[in-house]
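Visitor: prediction below, plus the sequence it came from.
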Amino acid sequence: MKVSVRVIPHARKNVICVEPDRLKVYVTATAVDGKANQALIALLAEHYAVRKSRVQIIRGLKSRHKIVLIEDERIENVTGKDQ
């Protein structure tokens, strides 16, 4: 499943807000040395109940606008992507 994400680094707390066209994710980590990206992956993995290794940033590594791929067998089975 691909998810469009807007990341807001250096926030007061880690929060995921669902908007109609994307997720807005607030992370406490700063956008230095990929720390905000690591925090984003950890937060999304927890939110979708998958391992961190199943979450990948496929576009926007150095941008606040990102496309994230979440590999989840439960979702793929429902959509029939694995058949």
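Guide: The structure has been received and is ready for your questions. Numbers count the residues shown, from 1 in each chain.
Visitor: from residue 48, how far out is residue 34?
Guide: Distance, residue 34 to residue 48, using CB to CB, to the nearest Å: 21 Å. Quick note: C-beta positions are derived from backbone N, CA and C, even for glycine.
Visitor: the two: which has the busier surroundings?
Guide: Neighbour count, other CB atoms under 10 Å: between residue 34 and residue 48, residue 48 has more, with 18 against 14.
Visitor: list the contacts for the more buried one?
Guide: Contact analysis of residue 48 by CB atoms under 8 Å, 6 or more residues apart in numbering lists 55, 70, 72.
Visitor: burial of the last one, as a residue count?
Guide: Using other CB under 10 Å, residue 72 is surrounded by 15 other residues.
Visitor: do the first one as well
Guide: Neighbouring residues of residue 55 were enumerated by other CB under 10 Å; the total is 22.
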